Structure formats: C-alpha cells, structure tokens
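Novice: have a look at this prediction, sequence included:
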Amino acid sequence: MDAIGPLSEEGLVRLLDLHGARHEHAQFSPYAEHLTPQDLRGFWRDMNVLRAWDMEAMSLQRQGELGLWVQSYGQEAAQIGSGHALRDPDFVFPSYREHGVAMTRGVDLPSILRIFRGLEHGSWVPNEHGFHLYTLVIGAHALHATGYAMGLDRDGLVASGNPDEDGAVVCYFGDGATSQGDIAESMTFASVNNAPIVFFCQNNQFAISESVTRQSKVPLADRAKGFGMPSVRVDGNDVIASHAVTQWALEHARSGKGPVFVEALTYRMGAHTTSDDPTRYRAKTNEEYWAERDPIARLTTYLESIGELPDEFRDAVAAEGKALGVRTREAVRGWAKPDASEMFDHVYAQPHSTVDAERAWFDRYQKSFADAEVQA
C-alpha cells in the first residue's frame, strides 16, 4: 500500500472507521447529527441493492447482452452518501460510474443500461430527476456542469434569501479526469464566476491502469487551492462522512459562496470496465488492503454494534436486490433493436435543416436496398 502523496490520509475526514467505530470531527460531525438509525439503514439498503444490481449488470455484459459495463463496486459509500445530500433544486452531472447517485435521484436503474446496450447515446434530454445522462468522454461534462451552475446563479436560484429554494450543481468524475484540460477549464470558470458547483472527485486510485501517484505529486484536493476554492478530503468508504461533507459543500455553494472541490478517497474493487484486466497493474496485497475497508462491511459492523440491523431487514434487502436483478435481466433482453433513423433524434432541441436533409438522404439510402431486391 502506497502511503505517500495522494494516498496519504493526512487531513482525511472520517466519521466511521473500518472497524465500525464512530469518530467526531469539529467541522463535519454537526452535518451528520440529523442521521437516525433508520436513515443509516436506508444507506445500508441502498448500498447493498446497488451492489447486487451492479453484479447483475456485469453478468449481462459477460453474456453478451451489453456492449460494455462500468462497475461502481467498492465506491458505494461515496455515491450513496453524497447522493442523499442532494435535494430537488440541485442538478447532477455524472460521468459514467455514478449508478448509486442515479439511484438516490430516483432514476430507475435498468434504464441506465440502455446506453451500454447502444440504444441511447448521451443526448441532452432533461428529466424530472435532476440527473443528466451519462457522459462517456472523460471530463467533458464538467464544462456543461459549470455552465448550468452559472445559469442557476444568473436566474436568481442561489442565495435568494430562501435557502429552501436555492440550488447547486454536483459534477462527479474520477481521479483520471483531473488530468484532463476540461476539468481545469471548468474549475477556472467556476471560480472566477463564483458558480454554485461542487466538484466531486471519486479518487478510486486508478485512471484505467495509471496509478494516481503518476498523475499528481500532491493530494488531488490541493489542486483547488490554485483555483481559489476550498477543498475537502473525505474517506470515500465512509458513507456517513461522505454525506456530511457533501451537505456542507452544497450549503456553501447554494448560499452564494462559490465552488467547492471534494476528493473522496476510495478504491475501485473491480475492473475499470469489462474490457479491463486489473491484475496486470494492481498488486493482490493492495486489493486485500482495500477489501478490509469495504464500505458496506464498515456500516454493517456499526449497525450491528448498536442493534439496528435485524435479520428480517437483511432478508428484505436481499430479496429486493434479487428482484431488481430479475427485472433488469428481463428488461434488457426484451429491448428491441431501434430503427437506425433514430440517430437523428435529439441532435438539436429545435428542427434543423441540415439534420432534416441528412435524415431524408438516409431514408433514401435505406430504401435503395429494398428497391434493389425488388429489381433482382
């Protein structure tokens, strides 16, 4: 285990350690005081159902039902904890691994798989969940997120005098994206425009096969200093701390104080995607170290210690995860191949003459095959 530079735990906010023991933090403990045992069971339920669904999606890809799959295995606490800090006026711009955040926003998880089956291609279709579609181009969505946040500010939806109506944006990305220019440009625009945005970096320690130690000589959160914005490093395998830190960051942004950078130190316990083989670049000892820090096991230990994880609840959650897996499998296998002409839908919000001309040409092109068969 490399404990130098970006992987150092210096300054890491932690409210629940790997042994399931609670810790106090002067700044962030107050942001977790409202969490009841029922709330924590809800976190536990979400993380377990998410992991069961994640494994089902992995199986579907291996069976040839999906072109690719990107697991969130091991990162459940960072996503569920932060996702539950969001509220209706907020808007999320994810990358491609934020299944847990989608879950907390009310997105039906099977629908996410349409993009991995090639039925959707990431077009802009706002929905009632305050959750943008996945972005497969690493880091590109941060510019969109910053622009949206600037729009909230200009529309008077930040620091309005009514905190219940104020909103903010959360932009999720991984450590590898911090090496992209789009992230730097986004942070520059956000800072100078005082945009209400939280840059939430899930540092899972590998940009595919490239270790974060080869991407930065300092903790990623320190980069925020150069942009003039506050930052926090949080234990991303601690669902309570992830929730508390995100609550603070969102309050900061909504109140008109500008952007915040959150680095959630976690670990990708699976492969980068189903086309990746992590055994080629990760040591088994490193994987074992992080397996001992499994975010679900940590919360399990704590809830057991306070007598708040009854067997009937465990059984109900296991059954829910299994039922979601069955529904997901049936949905994916039932999806029909779309008409190729759908590629022209949602290119622009309004009708466009060039797109209309291209659609007409494509229609003639397809009909030419039928005409050729008739002549033959």
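Specialist: Right, received. Where do you want to start? This is a predicted model, so every value here is computed, not measured. Residues are numbered from 1 along each chain as shown.
Novice: what helix or strand is residue 145 on?
Specialist: Using DSSP states H and E, residue 145 sits in helix 141-154.
Novice: now that helix, how far from the centre of its chain.
Specialist: 18 Å (C-alpha atoms, centre = their mean, to the nearest Å).
Novice: same for that helix, what does it pack against?
Specialist: If contacts are counted by 3 or more C-beta pairs under 8 Å, 6 or more residues apart in numbering; DSSP states H and E, helix 141-154 sits against strand 91-93, strand 169-174, helix 181-192, strand 197-203. In this view, the C-beta of every residue, glycine as well, is placed from N, C-alpha and C.
Novice: point out where the stretch 101-250 of the chain drops to low pLDDT.
Specialist: Under the criterion of pLDDT under 70, the regions of the stretch 101-250 of the chain flagged as low confidence span 122-128.
Novice: could you pull out the helices for the chain?
Specialist: 37-62, 76-83, 99-104, 109-116, 141-154, 181-192, 239-254, 284-291, 295-305, 311-334, 353-375 (DSSP state H).
Novice: most tightly surrounded among these?
Specialist: helix 76-83 (a mean of 31; mean count of other C-beta atoms under 10 Å).
Novice: show the average pLDDT along it.
Specialist: Taken as a whole, helix 76-83 has an average pLDDT of 98.
Novice: other SSEs contacting that helix?
Specialist: helix 37-62, helix 99-104, strand 197-203, helix 239-254, strand 260-265, helix 295-305.
Novice: check contacts around the residue lying closest to residue 230 once chain neighbours are set aside.
Specialist: Once flanking residues are discounted, residue 230 sits nearest to residue 260: 5.6 Å by C-beta to C-beta, 6 or more residues apart in numbering. If a contact means C-beta atoms under 8 Å, 6 or more residues apart in numbering, then residue 260 has 197-199, 224, 229-232, 249, 252-253 as its contacts.
Novice: hey, what's residue 260 bridged with?
Specialist: Beta-bridge partners of residue 260, counted by DSSP bridges, are residue 198.
Novice: and if you look at the one 4 residues further on?
Specialist: Beta-bridge pairing of residue 264, defined through DSSP bridges, involves residue 202, residue 234.
Novice: tell me the pLDDT of it.
Specialist: Residue 264 is given a pLDDT of 98.
Novice: number of nearby residues for it?
Specialist: The burial count assigned to residue 264 is 31, neighbours taken as other C-beta atoms under 10 Å.
Novice: equivalent analysis for the one 5 residues further on, please.
Specialist: Residue 269 is surrounded by 20 other residues when neighbours are defined as other C-beta under 10 Å.
Novice: which residues touch it?
Specialist: Counted by C-beta under 8 Å, 6+ apart, residue 269 has contacts 73-74, 287, 290-291, 294.
Novice: which one of the residues you listed is nearest residue 350?
Specialist: residue 73 (41.1 Å; C-beta to C-beta).
Novice: what's the closest non-adjacent residue to the closest one?
Specialist: Per C-beta to C-beta, 6+ apart, closest to residue 73 is residue 270, 4.1 Å.
Novice: contacts only, for the one you found.
Specialist: 58, 71, 73-74, 278.
Novice: equivalent analysis for residue 62, please.
Specialist: Listed by C-beta under 8 Å, 6+ apart, the contact set of residue 62 reads residue 274.
Novice: can we see that at 7 Å?
Specialist: By C-beta atoms under 7 Å, 6 or more residues apart in numbering, residue 62 lies in contact with nothing.
Novice: per-residue confidence for it?
Specialist: On the pLDDT scale, residue 62 gets 97.
Novice: likewise residue 1?
Specialist: Confidence score, pLDDT, at residue 1: 42.
Novice: make 4 the first number, not 1, from now on.
Specialist: Got it, the first residue is 4 from now on, which makes the last one we talked about residue 4.
Novice: number of nearby residues for the nearest residue to residue 102 once chain neighbours are set aside?
Specialist: Excluding the flanking residues, the one nearest residue 102 by C-beta to C-beta, 6+ apart is residue 75, at 4.8 Å. By other C-beta under 10 Å, 29 other residues sit near residue 75.
Novice: how about the helices and strands packed on helix 144-157 in TSV, adding distance to residue 316?
Specialist: Below are the helices and strands packed on helix 144-157 laid out as TSV (distance: least, C-beta to C-beta, whole Å):
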stretch	distance to residue 316
strand 94-96	28
strand 172-177	29
helix 184-195	40
strand 200-206	28
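Novice: ok, which of the ones you listed comes nearest residue 17?
Specialist: Comparing the helices and strands packed on helix 144-157 by C-beta to C-beta, strand 200-206 comes nearest, at 14.6 Å.
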